[in-house]
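In: could you work out the structure for the sequence below:
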Amino acid sequence: MRHLLTTISLVLAAALAACGDSAPEGAAADGATGAGAGAEPAAAAPRDRVHVAAAAAEGVSAGDPATIPRQGAALAEIEWSTMFPAGDGWRAFEQEFVFNNAAEPETLDPHLMTGVPEHSLALALFEGLTSHHPETLQAVPGVAAWWEISRDGLTYTFHLRDDARWSNGDPVTARDFAWSWQRALEPTTASQYAYQFYAVKNAEAFNKGSVKDIADVGFEATDDRTFVVTLAAPTPYFLDLTSFETLMPVHRASVEKHGSTWTRPENFVGNGPFTLAEWKPRDEIVMTPNPHYWNASIVRLTKIRAKAMDDMNTAYNEYLAGSLDWLKAIPQKRVDEVQLHPDYYVWPYLGCYFFRFNVTKEPFDDVRVRRAFNLAVNKESLCVETLKAGQIPATGYVPPGIHGYAGIQGERYDPAKAKELLAAAGYPGGEGFPEVELVYNTSESHKQACEVISSMWREVLGVNVKLLNMEWKVYLDDVDNLRYQIARAGWIGDYTDPNTFMDMFVTGGGNNNTGWGSPEYDQLIRDAAVEQDAAARAQLFRRAEKILCVEDLPILPLYFYVNQGVLRPRVKGLAENIRDLHPFQYIYLDGPPATGKGK
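Out: The predicted model follows:
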């Protein structure tokens, strides 16, 4: 999708409005369970075929069991080898795909990952019970060939495929999932994303230590090929969660033998379409096809090189020189130039760019100061005059594009009110206000945004904010441990439901990282988790969002993302979608490498 700047906002709004359709025609009716009348499980299908529920997980945002995608009468066959018709022309070209992943990964352990750069790699190296359709994002079979969902929406029975293998040839079993899920939930693992399991019965209690016996948690391997999950309440997006990296399996023998070094190339064993060949710190990660992957016949790339360039200007120059096939972000100061490149694209993105406040330290322990800093930012100007790609100014936290949910409208730019609040907090005209630091991970676009916003604070409030850039791992560690005052942040939806944004800010949440908590907010999120009426559930989330973004303001929402980059025309099988998820097994190259300046 390549557009002139003047049309970007209109196209973005239309695309966002189109997202989140309900289950397509032909989806299983309420109460349908099992493989359906006369249907055969996927294990009996030809090798290159799998069964897929013809109901999209995308857009389901309420807890009504009738809306939950089921394997059943709606089974549809997809022949993966023809999903992206390519003929044989691609075979004439070397299948080495090079892209910039923007940062050195913090870890390759899926239970410890928290960032977008790591998530991209997880899609290549691991696979969960389910995976994502590369275009629609509906849940499709992964390690599980098929599944059944009980009539009440509480019990999921996953049937694992016989040919699922680890990259060393070991079978992937239901017991691998049971052990891996327990590992991710163990308090000693300290997985920040452990809360992704909380839809499972007693998972939260086990993670927090009040339930001691893993047998009391709602999952078990009844045999090597059957994994049964019991939920605390119907969860329409659960099949989306089973595609997420925290719920992916790890190879027990490798973890137990090598400890924290199991993710080194010489020790690595994964179950994804690719395996880890090389890890050159601060340079690149090289991945090659996993010969034991159950669907290896559709994998066309022979090598993936994920570069770790955090300087987008350098990365764009590498793209112009022909060294990269895909650049997932662009240098903000060259946005006008990049938008003229024929390979430029801008897509909707389910994400919010915001700042965190550390509310445990002065001066941001005072909500009046936090509100003043929010009201002093002209977000319209930031988006239109600085960012220039159709980003949407944010006064709430949940982005548009989620079916059945309209987020709140919070407070807008109001310099007079901002000055009044800062004066009420004891800092009239900024007098006596301490110099504070705004930290961000190294990126030209982050730097530019932070510079513009800090100048707004100086102009409106009379305060000085020092900018401090950090390498990705250091930044994550400082934010996790509240060693900051203001921190740049961004959140991309892990599934298409308001909960993926809202539940991270419960008191003590693994990705809260503000020191803030609210008993009312926590209760609203708990109530939303079990509310079955879609309208009532949306109201609970809106009340929680108002607390978060208007009343208490531990975060400062700035804008809703768009996804912009440059992509070679020769790259096929990489489809536009609202969450920027691109399973690598579908990508291939249908043309020669680019060469020369501007190519």
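
In: now M504, what are its backbone angles?
Out: Dihedral angles of M504 (phi, psi; degrees, to the nearest 10) stand at phi -70, psi -20.

In: give me the pLDDT for it.
Out: With respect to pLDDT, M504 has a value of 95.

In: kindly report the same for the one 5 residues further on.
Out: pLDDT for G509: 92.

In: ok, longest helix in the protein?
Out: The longest helix of the chain (DSSP state H) is helix 444-461.

In: give the buried residues for that helix.
Out: Judged by neighbour count (16 or more other CB atoms under 10 Å), helix 444-461 contains these buried residues: 444-450, 452-454, 456-457, 460-461. C-beta: built from backbone N, CA, C; applies to glycine.

In: stretch 494-509 too?
Out: 494-506, 509.

In: residues contacting P110?
Out: By CB atoms under 8 Å, 6 or more residues apart in numbering, the contact list for P110 reads A122, F126, E245, T246, M248, V250.

In: ok, now how distant is the fifth one from I285?
Out: Okay, so that is M248. Applying CB to CB, to the nearest Å, the value for M248 to I285 is 17 Å.

In: can you tell me the element A184 falls in?
Out: Using DSSP states H and E, A184 falls within helix 174-185.

In: tell me the mean pLDDT for that helix?
Out: Averaging pLDDT along helix 174-185 gives 98.

In: quick one: low-confidence ranges for this protein?
Out: 1-86, 596-599 (pLDDT under 70).

In: one more time with 80, if that's ok
Out: Along the chain, the model assigns pLDDT under 80 to residues 1-87, 595-599.

In: nearest residue to the middle of it?
Out: D494 (4.0 Å; CA atoms, centre = their mean).

In: how about that residue, what does it touch?
Out: Residues in contact with D494 (CB under 8 Å, 6+ apart) are Q196, D240, L241, F244, T500.

In: any figure for the gap between R264 and P249?
Out: 19 Å.

In: more crowded one of those two?
Out: More crowded of R264 and P249, by other CB atoms under 10 Å: P249, with 28 against 12.

In: show me the contacts for that one.
Out: With CB under 8 Å, 6+ apart, P249 has these contacts: F126, G128, V143, V172, D176, F177, W179, S180, N271.

In: would you check that the fourth one makes contact with L160?
Out: So that's V172. Yes - contact criterion CB atoms under 8 Å: V172 and L160 qualify, at 7.0 Å.

In: between the two, which contacts overlap?
Out: Residues touching both V172 and L160 by CB under 8 Å, 6+ apart: V143.

In: neighbour-wise, which of these two wins?
Out: Per other CB under 10 Å, whichever of V172 and L160 has more neighbours is L160, with 28 against 22.

In: give the contact list for that one.
Out: If you count contacts by CB under 8 Å, 6+ apart, then L160 has L129, V143, A144, A145, V172, T173, A174, D224, R225, T226, F227 around it.

In: determine which two of those residues are furthest apart.
Out: Largest separation among those by CB to CB: L129 and D224, giving 14.2 Å.

In: compare neighbour counts for those two and give me the winner.
Out: Neighbour tally, L129 and D224, criterion other CB under 10 Å: the higher count belongs to L129, 26 against 14.

In: does that one touch T242 like I think?
Out: Yes - assessed by CB under 8 Å, L129 is found in contact with T242 at 4.3 Å.

In: follow-up on the earlier one: can you list the contacts of P249 in JSON lines and add distance to P569?
Out: Shown next, in JSON lines, are the contacts of P249 (distance: CB to CB, whole Å):
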{"residue": "F126", "distance to P569": "30"}
{"residue": "G128", "distance to P569": "32"}
{"residue": "V143", "distance to P569": "34"}
{"residue": "V172", "distance to P569": "36"}
{"residue": "D176", "distance to P569": "40"}
{"residue": "F177", "distance to P569": "40"}
{"residue": "W179", "distance to P569": "44"}
{"residue": "S180", "distance to P569": "39"}
{"residue": "N271", "distance to P569": "32"}
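
In: now, which of those sits nearest D343?
Out: F126 (29.8 Å).

In: so what's the closest one closest to, chain neighbours aside?
Out: Closest residue in space to F126, ignoring its immediate chain neighbours: M248 at 4.1 Å, by CB to CB, 6 or more residues apart in numbering.

In: just give the number of residues close to the one you found.
Out: Per other CB under 10 Å, the neighbour tally for M248 reads 27.

In: one more: L350?
Out: 28.

In: wait, isn't it in contact with I578?
Out: Yes - with contact defined as CB under 8 Å, L350 counts as touching I578 (4.8 Å).

In: re the thing from before, now rank the contacts of P110 by neighbours and give me the top one.
Out: M248 (27 neighbours).

In: so that residue is in contact with A124, correct?
Out: No - using CB under 8 Å, M248 is not in contact with A124; the gap is 11.6 Å.

In: what is in contact with these two at once?
Out: With CB under 8 Å, 6+ apart, M248 and A124 have no common neighbours.

In: circling back: what sits in contact with each of L129 and T242?
Out: With CB under 8 Å, 6+ apart as the test, L129 and T242 both reach G142, A144, F158.

In: gap between the second one and A296?
Out: In this structure, A144 and A296 are 18 Å apart, going by CB to CB.

In: tell me which of those two has more neighbours.
Out: A144 (29 against 14).

In: which residue is the nearest non-sequential neighbour of Q448?
Out: Distances taken as CB to CB, 6+ apart put Q332 closest to Q448, at 4.6 Å, once the chain neighbours are dropped.

In: surely the one you found touches C450?
Out: No - with contact defined as CB under 8 Å, Q332 does not reach C450; the gap is 10.9 Å.

In: if we can go back for a sec, out of the contacts of P110, which is nearest to Y405?
Out: Looking across the contacts of P110 and measuring by CB to CB, the closest to Y405 is T246, at 23.4 Å.

In: now do the helices in the stretch 451-599 of the chain.
Out: Using DSSP state H, counting those that start in this stretch, the helices of the stretch 451-599 of the chain run over 472-480, 499-502, 519-530, 534-546.

In: any idea which of these is most buried?
Out: Greatest average neighbour count among the helices of the stretch 451-599 of the chain goes to helix 499-502 (a mean of 23), per mean count of other CB atoms under 10 Å.

In: who touches it?
Out: Contact with helix 499-502 is made by 237, 352, 397-399, 491, 493-494, 525, 528-529, 541, 544-545, 548, as judged by CB under 8 Å, 6+ apart.

In: hmm, try it at 7 Å
Out: Residues from elsewhere that reach helix 499-502, judged by CB atoms under 7 Å, 6 or more residues apart in numbering: C352, Y397, V398, W491, G493, D494, I525, A528, F541, A544, E545.

In: switch these over to JSON lines; also include distance to L324.
Out: Shown next, in JSON lines, are the contacts of helix 499-502 (distance: CB to CB, whole Å):
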{"residue": "C352", "distance to L324": "27"}
{"residue": "Y397", "distance to L324": "33"}
{"residue": "V398", "distance to L324": "33"}
{"residue": "W491", "distance to L324": "26"}
{"residue": "G493", "distance to L324": "26"}
{"residue": "D494", "distance to L324": "27"}
{"residue": "I525", "distance to L324": "41"}
{"residue": "A528", "distance to L324": "42"}
{"residue": "F541", "distance to L324": "39"}
{"residue": "A544", "distance to L324": "41"}
{"residue": "E545", "distance to L324": "38"}
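
In: of these, closest to A103?
Out: When these are ranked by distance to A103 (CB to CB), W491 comes first, at 16.1 Å.

In: give the contact list for the closest residue to V550 other than its chain neighbours.
Out: Spatial nearest neighbour of V550, chain neighbours left out: G410 (4.8 Å); criterion: CB to CB, 6+ apart. The contact partners of G410, taken as CB under 7 Å, 6+ apart, are T395, G396, C549, V550.

In: again with P592
Out: F93.

In: please repeat the previous calculation with a cut-off of 10 Å.
Out: By CB atoms under 10 Å, 6 or more residues apart in numbering, the residues touching P592 are A92, F93, E94, R570.
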